[in-house]
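*Asks:* Please find the sequence and the predicted model below.
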Amino acid sequence: MAGGRPLEPAPRARSRTSTPIYGLTSGTGKKTARDRAALPKIVVYDPQLLTALPASIVGPSGMNALAYCAEALWATNHDPITDALALDGAGRLQRFLHRAYTTTDPAPRGEVLIAACLAGVALGTVGTSVHHALCHLFGGMCDAPHAETHAIVLPYIIRYLQPAIPDIMARLAEAMKCDPAKLADNVWSLARSVGTPTGLRAIGVTRDQIDAVAEAAVAEKLVSPRPLDLQPIRSLLHDAWNGESEGTQCAQRRRLPTKGDTSHGLTHPARDRSVHGIQQPPPRGRRKALRSAMSAS
């Protein structure tokens, strides 16, 4: 914008290039602002330019685009047109992001670029809501990296908001080809499959900062489809700090972890492995020993 010259970016990541929204960081705060002067005159989406982009950028920035799609659905000013753009973008990311992460093939990377464009247009039209506001609190107060923070927090904010907006979440789940009851876990699994760090603790956020961000979110009365009460939002952010899925948390509530546990979720110090939310049967030798013990009894 300097000197009145138009912006003509060629995106090398997948997020907000096509929106008039930008962030301003000052001291320990980060605020978003809107200005049509920040909207590029033209954006060049060329997947050939992204073949050398590291997977460590492809994954989190793609999840950042998914956060734009999701938030555009529950933002205050959403409408049927922006909904259609956001749902199309979310579906493409579900189908192509993992392939774009694991290969440099321009085809899936091009599909992810299209999804990012749809996400940017949708969110740029309707504006942001609680997810972006929370992530920007982490950016300002904790110096947390932008894309990784969005990627980590998204499944937890989906779980928090779902009781208040079940119809919107059902439409998002349909676009992503998953059960609405498993939407948050599906987003968590997609994020983990494309290199999202294991919780906010993995990007340098401390436990004390989690409480400070929760208090700031409530004090600032962030716009949200579900009111922000301190204890629930603190619980949400502590879950995001730990980085575990809802399936893992349920398993922990039912029983103490044991060696060889295979509950859904992240690898835990007390666990050997986890397999996409499916409780795995004991190894073959252990199953035979169990059957023998049961017969003897």
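*Replies:* Yes, it's here. Not measured: the values here are computed from a predicted model.
*Asks:* the longest helix in this structure is where?
*Replies:* Identified as the longest helix of the chain according to DSSP state H is helix 80-102.
*Asks:* Check which helices and strands it is in contact with.
*Replies:* Applying 3 or more CB pairs under 8 Å, 6 or more residues apart in numbering; DSSP states H and E, we find helix 80-102 packed against helix 55-74, helix 106-126, helix 166-175, helix 183-193. To be clear about C-beta, it is placed using only N, CA and C from the backbone, and glycine gets the same treatment.
*Asks:* give the contact list for the nearest residue in space to residue 91 that is not next to it in sequence.
*Replies:* Closest residue to residue 91 apart from its sequence neighbours, by CB to CB, 6 or more residues apart in numbering: residue 175 at 4.3 Å. Listed by CB atoms under 8 Å, 6 or more residues apart in numbering, the contact set of residue 175 reads 87-88, 90-91, 94.
*Asks:* Kindly state the pLDDT recorded for residue 175?
*Replies:* With respect to pLDDT, residue 175 has a value of 98.
*Asks:* Check the gap between it and residue 207 for me.
*Replies:* Residue 175 sits 35 Å away from residue 207, going by CB to CB, to the nearest Å.
*Asks:* got it, and residue 93?
*Replies:* 31 Å.
*Asks:* More neighbours: those two, which one.
*Replies:* residue 93 (30 against 11; other CB atoms under 10 Å).
*Asks:* Test my guess that that one contacts residue 114.
*Replies:* No - look at residue 93 against residue 114 with CB atoms under 8 Å: they stay out of range, at 9.9 Å.
*Asks:* what about residue 228, distance to residue 126?
*Replies:* The spacing between residue 228 and residue 126, counted by CB to CB, is 20 Å.
*Asks:* Residue 56: neighbouring residues, count only.
*Replies:* Residue 56 - counted by other CB under 10 Å - has 12 other residues nearby.
*Asks:* thought it was touching residue 196?
*Replies:* No - counting by CB under 8 Å, residue 56 stays clear of residue 196, with 10.4 Å between them.
*Asks:* And residue 207, its phi and psi?
*Replies:* Main-chain dihedrals, residue 207, degrees, to the nearest 10: phi -60, psi -40.
*Asks:* pLDDT value on the closest residue to it other than its chain neighbours, please?
*Replies:* Nearest non-adjacent residue to residue 207, counting by CB to CB, 6+ apart: residue 241, 6.7 Å away. You'll see residue 241 listed with a pLDDT of 97.
*Asks:* repeat for the one 3 residues further on
*Replies:* pLDDT for residue 244: 87.
*Asks:* for the one 10 residues further on, same thing?
*Replies:* Here the pLDDT value assigned to residue 254 is 45.
*Asks:* Could you do residue 225 as well?
*Replies:* The model's pLDDT for residue 225 equals 96.
*Asks:* Could you do the one 5 residues further on as well?
*Replies:* Looking at residue 230, its pLDDT is 96.
*Asks:* residue contacts, it?
*Replies:* By CB under 8 Å, 6+ apart, the contact list for residue 230 reads 214-215, 218.
*Asks:* are any of those residues buried, and which?
*Replies:* For these, a burial check counting by 16 or more other CB atoms under 10 Å picks out 214, 218.
*Asks:* okay if I get the contacts of residue 230 as a markdown table plus pLDDT and distance to residue 170?
*Replies:* Below are those laid out as a markdown table (pLDDT from 0 to 100; distance: CB to CB, whole Å):
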| residue | pLDDT | distance to residue 170 |
| --- | --- | --- |
| 214 | 97 | 28 |
| 215 | 96 | 32 |
| 218 | 96 | 28 |
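*Asks:* Okay, and which of the contacts of residue 230 map to helices?
*Replies:* Checking the contacts of residue 230 against DSSP H, those in helices are 214-215, 218.
*Asks:* In CSV, list these along with distance to residue 47.
*Replies:* Formatted as CSV, those follow (distance: CB to CB, whole Å):
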residue, distance to residue 47
214, 40
215, 43
218, 42
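*Asks:* Closest to residue 158 out of the residues you listed?
*Replies:* residue 214 (17.6 Å; CB to CB).
*Asks:* The closest one: what's it in contact with?
*Replies:* 230, 233-234, 237.
*Asks:* and those, which are buried?
*Replies:* Buried among these by 16+ other CB under 10 Å: 233-234, 237.
*Asks:* So for the helix or strand where residue 156 lies, mean pLDDT?
*Replies:* With secondary structure defined by DSSP states H and E, residue 156 is part of helix 146-161. Mean pLDDT, helix 146-161: 97.
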